[in-house]
Each structure stands twice: as C-alpha cells, then as structure tokens.
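**Student:** got a predicted structure here, sequence first:
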Amino acid sequence: QVQLVESGGGSVQAGGSLRLSCAASRATYCMGWFRQAPGKERERVARISSGGTTYYADSVKGRFTISRDNAKNTLYLQMNSLKPEDTAMYYCAAAGTCYIEPTKWAYWGQGTQVTVSS
C-alpha cells in the first residue's frame, strides 16, 4: 500500500501560480498528477518516472512542471500562467508502471482543489 497526501491547492487569479505537493508513504516507480473538473472525466496532467522521464498533457506543456524528490518520496507540480480552464480537483497518483489510463493507477490521494478565476 502507498498513502498519498496532497497539499498546495487554492484559489488564484488567471496568470497566477500555484505549487502542489504530494507526500508518499514509500517510493514507487511512477508518480503523476491527474485532474477532474465537474462533469468531466479524470484526465492526465503530467507524470514522472523515478529516473526523471516526464510526460505532459498538451494543455499544460510550457506552463506546468512536474518534479520529484526521491529522497523525500515527494512529488511536486509547479503550475504557472494558470487559466480558468485549469480549475479542477487535482489528484496525485502512484503506480509501478507509467500507465496511460487513469484506471490502471493503483494508488490515489484525496485530491486538492485548484480554482482559477478570470
């Protein structure tokens, strides 16, 4: 089992920045961020392997940066130039493989809300 605890969400105006953190109870190969807006499916935002290989959704490329501190088992998401369409509940997830489908990720945090106003 892996426990994941997110922090860092909040409300910000468009163009602002937020940094999300996710503390894991133990190391896993792949960690990622997903988000879900009301009435929409959960979507991938970014993921990173323990070796540092990253993936970003097209909608966040150039604005978001995913990173991890393997010594602290902590995942981060630096979000810059935020847009109203980034408003969603953001979830941290962990898995032994960097799956594409959210349903294949075994471990999930409780989520942290990000709200971007125009």
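**Tutor:** That came through fine.
**Student:** point to the residue nearest the middle of the protein.
**Tutor:** residue 33 (2.2 Å; CA atoms, centre = their mean).
**Student:** list the contacts for that residue?
**Tutor:** By CB atoms under 8 Å, 6 or more residues apart in numbering, the contact set of residue 33 is 20, 22, 45, 46, 47, 66, 75, 77, 90, 91, 92, 93. No exception for glycine: its C-beta is placed from N, CA and C like everyone else's.
**Student:** show me those residues that map onto helices.
**Tutor:** Counting by DSSP state H, no part of these is found in helices.
**Student:** among those, which ones are in strands?
**Tutor:** Members of the contacts of residue 33 lying in strands (criterion: DSSP state E): 20, 22, 45, 46, 47, 66, 75, 77, 90, 91, 92, 93.
**Student:** how close does the residue nearest to the fifth one when sequence neighbours are not counted sit to residue 50?
**Tutor:** In space, residue 47 comes closest to residue 32 once its chain neighbours are excluded; the distance is 3.3 Å by CB to CB, 6 or more residues apart in numbering. For residue 32, the distance to residue 50 (CB to CB, to the nearest Å) stands at 12 Å.
**Student:** these two: who's more crowded?
**Tutor:** Neighbour tally, residue 32 and residue 50, criterion other CB atoms under 10 Å: the higher count belongs to residue 32, 25 against 13.
**Student:** pLDDT on the helix or strand encompassing that one, on average?
**Tutor:** Per DSSP states H and E, residue 32 falls inside strand 30-36. Strand 30-36 shows a mean pLDDT of 97.
**Student:** many thanks, I have nothing further to ask.
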